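> Structure for the following, please:
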Amino acid sequence: MKIAYLRGLYLVSCFLFFLPYLAAQDFEAVAADTDDPYFSGSVIRVNSSLVSVPVAATDASGREVIDLRIEDFRLAEDGRQAEISRLLESSNLNMTLLFDISGSVSYNFEFEQNAAIEFLKRIWKEGDAVTIISFDEQPEVRLKNGDNLQEAMWTLRQLKPTGRTTSFFDALILAAQLIEHSEETRQAIIVISDGADNTSKNSFASALMEMQRRNSVFYAINPSGAAVVRLNKGSGKGQENLEAFAKATGGGVFVSDNTGDLENIFSKIVLELRAQYLLLYYSLIQGMDGKFHTIEVSIPGRPELNIRARPGFLAVPR
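Numbers count the residues shown, from 1 in each chain. All right, here's what the predicted structure looks like:
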């Protein structure tokens with residue numbers, strides 16, 4: 001009897017010891033088959049889900065604010081106050097560069113290519129990784145989770161415009177699905193495209209849902225220029241697509257009016273990504289219910305600041 005009691009006590013103590021590690025991720029652990037009468041083999045469900053929220057804060061002049069502390073932030077999920085578990089001011093960055101090589105953006109291709117290479121040079125830090133995907137009528141992974149800057153720049157230099165049709169939604173879904181789930185690593189998808197789509201097998205709604213499932217921030221650079229976006233119906237629709245993806249993830253969209261401002265736009269993205277805060281909190285919901293849950297981030301003591309964060313997340317398995 002004493003031995004059985006000690007065995008049961010040992011199992012409980014082991015579970016309590018590992019619980020903090022288990023609670024940091026979504027999972028259902030099924031106990032192994034066993035003849036032990038004190039371990040029935042029932043399913044243990046730990047529903048705590050760690051959610052990461054990238055946040056950018058800027059002052060009235062548009063400058064990034066980098067002196068905020070965890071106590072400065074407030075976070076609500078579905079209108080209910082949630083406790084912020086951690087704040088990461090500096091963490092590794094996993095980037096995905098999504099490069100349009102179709103006919104719609106081929107006129108300034110070489111300059112866009114060079115600007116993207118300069119962007120990598122400026123933002124790269126040890127421990128970062130980059131995935132490079134080109135797309136025309138279909139997406140193609142050119143580099144996956146590369147951790148070498150020289151290899152990434154070489155990959156970008158090999159890209160050539162094709163003049164073919166555009167499957168932007170297919171490319172975006174592929175980019176999102178390749179993101180390796182890590183709550184403590186910042187994820188960013190940077191797109192160089194006009195956002196137009198004419199041959200995707202997947203829909204805009206499917207691409208938007210895939211973005212809402214991830215913790216990646218979406219940035220886009222539209223090289224078409226403001227006049228084309230305003231006057232051309234197809235370009236205007238493409239810009240609406242880009243803005244919708246950015247809004248869903250707390251990112252941003254930039255329109256390039258000439259080749260000279262591409263480098264300035266990339267510089268803005270570099271500053272924002274490097275100054276980004278990463279808030280971590282445990283979701284208040286129980287399990288993956290398939291619904292969209294809102295997130296609101298505020299800084300009560302600094303009401304003059306502008307805050308950009310993703311508006312919520314879709315609670316489905318990744």
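> Kindly state the pLDDT recorded for the most centrally placed residue in the chain?
Centroid-nearest residue in the chain, with Cα atoms, centre = their mean: S216, separated by 0.3 Å. Here, the pLDDT recorded for S216 equals 86.
> Which strand residues bridge it?
Q187 (DSSP bridges).
> wouldn't it be in contact with L178 here?
No. S216 lies out of contact with L178 (Cβ atoms under 8 Å); the separation is 10.3 Å. C-beta: built from backbone N, CA, C; applies to glycine.
> tell me the phi and psi of T58?
phi -130, psi 150 (degrees, to the nearest 10).
> can you count the residues close to it?
T58: 16 surrounding residues under other Cβ atoms under 10 Å.
> which residue ranges form the helices in the stretch 51-200 of the chain?
Taking DSSP state H, counting those that start in this stretch, the helices of the stretch 51-200 of the chain run over residues 109-123, 149-157, 168-177.
> coming back round to it: which residues does the residue nearest to the centre of the chain contact?
96, 176, 179, 187-189, 249 (Cβ atoms under 8 Å, 6 or more residues apart in numbering).
> Closest one of those residues to D67?
The closest of these to D67 turns out to be A188 (Cβ to Cβ; 22.5 Å).
> Distance of that closest one relative to A56?
For A188, the distance to A56 equals 11 Å [Cβ to Cβ, to the nearest Å].
> out of those two, which sits in the busier spot?
A188 (23 against 20).
> Hmm, T96 and the more buried one touching each other?
Yes. With contacts counted by Cβ under 8 Å, A188 reaches T96, the gap being 7.3 Å.
> check contacts around N92.
N92 neighbours (Cβ under 8 Å, 6+ apart): 125, 127-129, 185-186.
> I'd like the residues you listed laid out as a markdown table, including neighbour count.
A markdown table is the format used below for the contacts of N92 (neighbours: other Cβ atoms under 10 Å):
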| residue | neighbour count |
| --- | --- |
| K125 | 10 |
| G127 | 11 |
| D128 | 18 |
| A129 | 19 |
| T185 | 19 |
| R186 | 23 |
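> part of a strand, is V229?
No. Counting by DSSP: H, G, I helix; E, B strand; the rest coil, V229 is not part of a strand but helix.
> That one against E240, yeah?
No. With contact defined as Cβ under 8 Å, V229 and E240 do not form a contacting pair (9.4 Å).
> excluding its backbone neighbours, what's nearest F109?
Once flanking residues are discounted, F109 sits nearest to P161: 4.5 Å by Cβ to Cβ, 6 or more residues apart in numbering.
> how near is the one you found to I133?
15 Å.
> In terms of packing, which of V229 and E240 has more residues around it?
Under the criterion of other Cβ under 10 Å, the comparison of V229 against E240 puts V229 first, with 21 against 13.
> Which pLDDT value belongs to that one?
Per-residue confidence (pLDDT) for V229: 79.
> who touches it in this structure?
Counting by Cβ under 8 Å, 6+ apart, V229 touches 222, 235-236, 238-239, 255.
> The same query, at a cut-off of 10 Å, please.
194-195, 222, 235-240, 242, 255, 257 (Cβ atoms under 10 Å, 6 or more residues apart in numbering).
> Likewise for A152?
A152 neighbours (Cβ under 10 Å, 6+ apart): 95, 97, 116-117, 120-121, 124, 128-132, 142-143, 146.
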